[in-house]
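Novice: After the sequence you'll find the predicted model.
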Amino acid sequence: MLTNTNHTLDKLENLLKCSGYKVRYEKGNFKTGACLLQNSRMIVVNKFSNLESKIQSLTELIRQLEVDVKTLDDKQLAFFQSIKQTELQL
């Protein structure tokens, strides 16, 4: 389980950045905390969401994305695998 801290949010953003995705915080009518824009590598997060919602939204998107693990270093790979593993344990 991920802790709800700014450090965890930074790790998620860094993981996405190294995977070729861009994360932006914007206001808008979001049904969820974040969305992946169609046919692009841009993730938009609701900037008014609380920290827990931001982390949860990014985690759910990471679980659904196809990430090239060759672009990740050892720590990021371990973090990515722990995120994917939590999905299996649920």
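Specialist: Structure's in. What do you need?
Novice: Show me what the helix of greatest length in the chain is packed against.
Specialist: Longest helix in the chain, counting residues (DSSP state H): helix 74-89. Counting contacts by 3 or more Cβ pairs under 8 Å, 6 or more residues apart in numbering; DSSP states H and E, helix 74-89 is packed against helix 6-18, helix 51-64. Bear in mind the C-beta positions are built from the backbone N, C-alpha and C, glycine included.
Novice: For that helix, buried residues please.
Specialist: By neighbour count on 16 or more other Cβ atoms under 10 Å, the buried set for helix 74-89 is 76, 79-80, 83.
Novice: after the helix or strand bottoming out on mean pLDDT in the chain, next one along is what?
Specialist: Here the helix or strand of the chain ranked lowest by mean pLDDT, DSSP states H and E is strand 34-36, holding a mean of 76. Counting by DSSP states H and E, the next helix or strand C-terminal to strand 34-36 is strand 42-46.
Novice: Can you list the strands that that next one pairs with?
Specialist: Partners of strand 42-46 in the sheet, by DSSP bridges, are strand 22-26 (parallel), strand 34-36 (antiparallel).
Novice: so who does the residue nearest in space to the middle of the chain touch?
Specialist: Closest to where the C-alpha atoms of the chain average out (Cα atoms, centre = their mean) is L58, at 2.9 Å. The contact partners of L58, taken as Cβ atoms under 8 Å, 6 or more residues apart in numbering, are 9, 12-13, 16, 23, 33-34, 43, 45.
Novice: Look at it and report its pLDDT.
Specialist: Reading off the confidence values, L58 has pLDDT 93.
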